[in-house]
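Peer 1: here is a sequence with its predicted model. Questions after.
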There are 2 protein chains.
Amino acid sequence: MAGRTRKSSSKRATLADVAQVANVSAITVSRVLNHPDKVSDDLKRRVQEAIDSLGYIPNQSASSLASARSRVIGVAIPSLSNIVFNDVLRGIYDVADANGYKVLLVDTHYSPLEEEKMVRTLLSQSPEAMIITGGDQTRACHRMLESAAIPVVQMMEILDKPLDMNVGFSHYQAGYDVAVRLLQTGCKSLGFVGARMDTRTQQRMHGFVKALEERNAYKPEWIVTTPEPSSIALGGELLRSLISTSSGAIDAIFCCNDDLALGALFESQRMNIKVPGDLSLCGFNDFETSAFVNPSLSSVHVPRYEMGVTAAQMILDRLEGGNDSRNKVDIGYEIMMRQSTPSLGSSN
Amino acid sequence: MAGRTRKSSSKRATLADVAQVANVSAITVSRVLNHPDKVSDDLKRRVQEAIDSLGYIPNQSASSLASARSRVIGVAIPSLSNIVFNDVLRGIYDVADANGYKVLLVDTHYSPLEEEKMVRTLLSQSPEAMIITGGDQTRACHRMLESAAIPVVQMMEILDKPLDMNVGFSHYQAGYDVAVRLLQTGCKSLGFVGARMDTRTQQRMHGFVKALEERNAYKPEWIVTTPEPSSIALGGELLRSLISTSSGAIDAIFCCNDDLALGALFESQRMNIKVPGDLSLCGFNDFETSAFVNPSLSSVHVPRYEMGVTAAQMILDRLEGGNDSRNKVDIGYEIMMRQSTPSLGSSN
DNA sequence: ACGCCTAATGATAGCGCAAACATTTACCAT
DNA sequence: ATGGTAAATGTTTGCGCTATCATTAGGCGT
């Protein structure tokens, strides 16, 4: 009666199929989905029934192609294993989800070359904005991002000359401040343990070293680094190595992250080194473990979730709001002095 | 000379633009990118130069629409904060990347309704396959996945009737085995601490309880659960609660994950409860911390990275290989007995 | 009654690409 | 020379959707 049935099964339903079932034009179906205020309630109902009965799911590729809007935000992080990025991602996802954006996430493995490849992949999806990590991109990568002409947020660190927008904090200053605080607690011989040594880790180290130099407390041989990725196990190994090269002279160690610091703490316990009696320890990132381990671990707290939220919001402001929004946000950090470092009062 | 220049700037270059510059047809450019073996070296070079000079990046939406191939794998996990999924994701990403697939990742927040919404979002991107977590989907979600007619892997647990493919392990059996092992070490009064209580956590609990029941060691009041998400802090709180309701009679606790177990361990230390002297603890998931903390924490090790790799490989086998591949993989687990539980020999 | 506005709906075209089919060229066996 | 084949390249078409521009119907002031 109502004309021949089309591809009733096996093939995904299209707008046209829905339109036919609802006996309206295709564009009306499109409007029901994208501009429901422009369609009468009557038709809206009819179309919705057709959609439900067919199990219609819009083809986003066709939509993107026709409308030049993808509702995708590309995100590049250097590591999926480093749980630091979990919190950031959660912030990004929360804001993106709430605003109808999808996140396309790639892992650059801390390599600018891989990042370039991944950014190319992301751009081929026509994202409406990008969130990338740090400022250490290849020139080709910069060029791609520029000619993409979309909002770009560089996150995790504050950059002198961001490509576009920027949210993060100064790792250099954080490292500097840690050195100052450790010295304030009465520690005299400070060492540094770092792994992976990406640019942000290096900045922490440079800030730390700078503070020591300014106070004549810098000993190059008390800096131990490795390109290996951080781990708790590695923290233990590096502690041993530093203890042996320093012949036990060191009384405080700044570990470039909490993995290493926890590893150092656990290893100290096994070596019967008292923390903070014999040795003070300070980590970075402030994992939940750090606050609860015994002795609790001093660390640098960074509002990672807020950083992710901020990155996503900056983008949405640009995409939707349009007007003069923030281009650079220093999200700050806080040094949490806990039991692994001496309490103040016994010094100065 | 060579005709009018087109949109030289500001607009993204297209295949046609590249074709014009290289003085070939559009399809040749397409072939250089997708079937380079079908183009002469001469043209390949000319086209590549044009691509480079224009900074051409293919429009994946158009490609997907025209070819009905998206090279996207949709992945739904219940939580971005739970680091258990990091390792799984890493496995998925490693395999996907290596084979030219992109991953579109969504977070369902442990809610089947949200999962349904997210799966709809994923399907609208025309993924070529899906990896979802567990078997607790809504009927509508199942229907969508079925009519999508793409490979689907349900991961993290072994299901009786998977939708399609399945990789995981038996949480029930793992919980059961933990109870048996704890009893074998001489513990008599076993408690359970659980948070979030998603289906997999419940299965662990049920297996644990079953083993106790069979041995007349089950005390319902020694099971403490909460729908709150797990955390180290919560582990401490739940320990206190269990200790007080049991008046200290309990001599071993199985925590549904290592967050809770570490929290319980740290809190025990603060309460001056000797582990394992006064109280044995066993966690689940085997975080790196668990192996290094003092005393080291017994836990159930799960090959999460391998699970992610396997999930992705099962999909690739179907997408590319085509022939009879594995439909169900039990990835197994291993109970790691460490210092937080009594060593064998003093019992049985 | 007339023009004029707005709201609701439809027809058409085209987004950028690749599948399918067509054409050209080169080379070879006979 | 002839037909036959394979390799290299081109032409056409349409994927599913939405922007744009009609068109129609209804309301309203004069």
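Peer 2: Okay, I see it.

Peer 1: and residue A:164, how many residues sit next to it?
Peer 2: 18 (other Cβ atoms under 10 Å in any protein chain shown). Where C-beta positions appear, they are placed from N, C-alpha and C, glycine not excepted.

Peer 1: what sits against the closest residue to it other than its chain neighbours?
Peer 2: Using Cβ to Cβ, 6 or more residues apart in numbering or on different chains and skipping the chain neighbours, the partner closest in space to residue A:164 is residue A:152 (4.2 Å). Taking Cβ atoms under 8 Å, 6 or more residues apart in numbering or on different chains, we find residue A:152 in contact with A:129-132, A:145, A:163-165.

Peer 1: redo these as JSON lines? Include secondary structure and distance to DNA strand D.
Peer 2: What follows is the contacts of residue A:152, written out as JSON lines (DSSP: H, G, I helix; E, B strand; the rest coil; distance: Cβ to the nearest atom of the strand, whole Å):
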{"residue": "A:129", "secondary structure": "strand", "distance to DNA strand D": "18"}
{"residue": "A:130", "secondary structure": "strand", "distance to DNA strand D": "22"}
{"residue": "A:131", "secondary structure": "strand", "distance to DNA strand D": "24"}
{"residue": "A:132", "secondary structure": "strand", "distance to DNA strand D": "27"}
{"residue": "A:145", "secondary structure": "helix", "distance to DNA strand D": "25"}
{"residue": "A:163", "secondary structure": "coil", "distance to DNA strand D": "28"}
{"residue": "A:164", "secondary structure": "coil", "distance to DNA strand D": "25"}
{"residue": "A:165", "secondary structure": "strand", "distance to DNA strand D": "26"}
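
Peer 1: any chance of CSV for these, columns distance to residue A:39 and pLDDT?
Peer 2: Below are the contacts of residue A:152 laid out as CSV (distance: Cβ to Cβ, whole Å; pLDDT from 0 to 100):
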residue, distance to residue A:39, pLDDT
A:129, 30, 97
A:130, 34, 98
A:131, 35, 98
A:132, 39, 98
A:145, 39, 97
A:163, 41, 96
A:164, 38, 96
A:165, 37, 97
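
Peer 1: which of those tops the neighbour count?
Peer 2: Busiest of the contacts of residue A:152 [other Cβ under 10 Å] is residue A:131, holding 30 neighbours.

Peer 1: now that residue: how far from residue A:89?
Peer 2: Residue A:131 is 10 Å from residue A:89, where distance means Cβ to Cβ, to the nearest Å.

Peer 1: mutual contacts of the two, please.
Peer 2: Common neighbours of residue A:131 and residue A:89 (Cβ under 8 Å, 6+ apart) are residue A:75.

Peer 1: can you tell me the SS state at residue A:230?
Peer 2: The three-state assignment at residue A:230 reads coil, by DSSP: H, G, I helix; E, B strand; the rest coil.

Peer 1: from chain B, how far out is it?
Peer 2: 10 Å (Cβ to the nearest Cβ, to the nearest Å).

Peer 1: still on that earlier bit, same list (the contacts of residue A:152) but as JSON lines, adding distance to DNA strand C.
Peer 2: Formatted as JSON lines, the contacts of residue A:152 follow (distance: Cβ to the nearest atom of the strand, whole Å):
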{"residue": "A:129", "distance to DNA strand C": "19"}
{"residue": "A:130", "distance to DNA strand C": "19"}
{"residue": "A:131", "distance to DNA strand C": "24"}
{"residue": "A:132", "distance to DNA strand C": "23"}
{"residue": "A:145", "distance to DNA strand C": "18"}
{"residue": "A:163", "distance to DNA strand C": "24"}
{"residue": "A:164", "distance to DNA strand C": "23"}
{"residue": "A:165", "distance to DNA strand C": "26"}
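
Peer 1: between those residues, which is closest to residue B:182?
Peer 2: residue A:131 (45.7 Å; Cβ to Cβ).

Peer 1: got the contact list for the closest one?
Peer 2: Contacts of residue A:131 by Cβ under 8 Å, 6+ apart are A:73-76, A:92, A:152-153, A:155, A:311-312, A:315.

Peer 1: show me what it is bridged to.
Peer 2: Beta bridges link residue A:131 to residue A:75, residue A:153, judged by DSSP bridges.

Peer 1: sec struct for the closest residue to residue A:255 other than its chain neighbours, please.
Peer 2: Of all residues not flanking residue A:255 in the chain, residue A:261 sits nearest, at 3.8 Å (Cβ to Cβ, 6+ apart). On the three-state scheme (three-state DSSP), residue A:261 is labelled helix.

Peer 1: which bits of chain A sit near DNA strand D?
Peer 2: Of all the residues in chain A, those in contact range of DNA strand D (Cβ under 7 Å from any atom of the strand) are A:11-12, A:14-16, A:26-27, A:30, A:33-34, A:58-59, A:62-63, A:65-67, A:69.

Peer 1: just to revisit the earlier point, burial count for the residue nearest to residue A:255?
Peer 2: 31.

Peer 1: swap in residue A:193?
Peer 2: 29.

Peer 1: does it touch residue A:239 like I think?
Peer 2: Yes: using Cβ atoms under 8 Å, residue A:193 makes contact with residue A:239 at a distance of 6.9 Å.

Peer 1: shared neighbours of the two, which are they?
Peer 2: A:253, A:264.

Peer 1: any idea how far residue A:229 is from residue A:142?
Peer 2: In terms of Cβ to Cβ, residue A:229 sits 26 Å off from residue A:142.

Peer 1: same deal with residue A:117?
Peer 2: For residue A:117, the distance to residue A:142 - Cβ to Cβ - is 14 Å.

Peer 1: cool, residue A:321 as well?
Peer 2: Taken as Cβ to Cβ, the span from residue A:321 to residue A:142 is 26 Å.

Peer 1: those two: who's more crowded?
Peer 2: residue A:142 (15 against 10).

Peer 1: which SSE is the more buried one in?
Peer 2: helix A:139-148 (DSSP states H and E).

Peer 1: what about the strands in the stretch 151-300 of chain A?
Peer 2: A:152-155, A:165-168, A:190-195, A:223-226, A:252-255, A:280-282, A:299-301 (DSSP state E, counting those that start in this stretch).

Peer 1: and among those strands, the most buried is which?
Peer 2: strand A:252-255 (a mean of 30; mean count of other Cβ atoms under 10 Å in any protein chain shown).

Peer 1: residue A:242 against residue A:224, yeah?
Peer 2: Yes: at 4.8 Å, residue A:242 and residue A:224 qualify as touching, with contact defined as Cβ under 8 Å.

Peer 1: who are the contact partners of residue A:141?
Peer 2: Per Cβ under 8 Å, 6+ apart, neighbours of residue A:141: A:112, A:115-116, A:119.

Peer 1: most neighbours of all these, which one?
Peer 2: residue A:119 (27 neighbours).

Peer 1: quick check: it touching residue A:75?
Peer 2: No: the criterion here is Cβ under 8 Å, and residue A:119 misses it with residue A:75 at 10.7 Å.

Peer 1: okay, and the common contacts of these two?
Peer 2: Residues within reach of residue A:119 and of residue A:75 at once, by Cβ under 8 Å, 6+ apart, are A:106, A:130, A:132.

Peer 1: which one of the residues you listed is nearest residue A:270?
Peer 2: Closest to residue A:270, out of all of the shared contacts of residue A:119 and residue A:75 and judged by Cβ to Cβ, is residue A:106, at 39.0 Å.

Peer 1: how about that closest one: what's its closest non-neighbour residue?
Peer 2: Here the residue nearest residue A:106, using Cβ to Cβ, 6+ apart, is residue A:118, at 4.0 Å.

Peer 1: does anything pack onto the helix or strand harbouring the one you found? Which helices or strands?
Peer 2: Assigned by DSSP H and E, residue A:118 belongs to helix A:112-124. Judged by 3 or more Cβ pairs under 8 Å, 6 or more residues apart in numbering or on different chains; DSSP states H and E, the packing partners of helix A:112-124 are strand A:72-77, strand A:102-107, strand A:129-133, helix A:139-148.
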